[in-house]
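K.L.:
this one's sequence-less:
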């Protein structure tokens, strides 16, 4: 389980005096614990990955906002935290893999136009198993259907 690994890594980061890593891992541990409390049971591996993806998305969004605002120092911290979170996530699908998945999903759902976009995106996201961002999938489906 990821949460057990995080506890060990917090100790290692503390010994290495890596403050950003310690704070990021503590935050992640806290979020996993909160999700466990909300579900009133231990989280499955997929549920743990969901929590990590959500936190990674927050960091990515914050990075972009800080970058646009010119707060480069804060943007770099968010980028560093994002990198730490991504260590726990499976590698994203390559463009070629995603393109193949989109093409297969379009043919399997018999999609013919933009009206079928939701069906196709749903099928792709299910098959991708969290290895592709929704925005990226949406863009690729849109380009294939138009």
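P.N.:
Looks like it arrived, so ask away. Please read all numbers here as calculations on a predicted model, not as lab measurements.
K.L.:
Could you use CA atoms for every contact and neighbour count after this?
P.N.:
Will do.
K.L.:
Run through the residues that contact the most centrally placed residue in the chain.
P.N.:
Residue closest to the mean C-alpha point of the chain, counted by CA atoms, centre = their mean, is residue 53 at 3.0 Å. Residue 53 makes contact with residue 89 under the criterion CA atoms under 8 Å, 6 or more residues apart in numbering.
K.L.:
Need the pLDDT of the residue lying farthest from the centre of the chain.
P.N.:
Most distant residue from the mean C-alpha position of the chain: residue 112, 29.7 Å away (CA atoms, centre = their mean). What the model reports for residue 112 is a pLDDT of 85.
K.L.:
Report the secondary structure state of it.
P.N.:
Following DSSP: H, G, I helix; E, B strand; the rest coil, we place residue 112 in the coil state.
K.L.:
Now do the helices in the chain.
P.N.:
2-15, 19-39, 45-69, 72-86, 95-108, 117-128, 134-145 (DSSP state H).
K.L.:
Which positions in the first one come out as buried?
P.N.:
Of all the residues in helix 2-15, those buried under the rule 16 or more other CA atoms under 10 Å are 3, 6, 9, 10, 13.
K.L.:
Centre of the chain to it, how far?
P.N.:
20 Å (CA atoms, centre = their mean, to the nearest Å).
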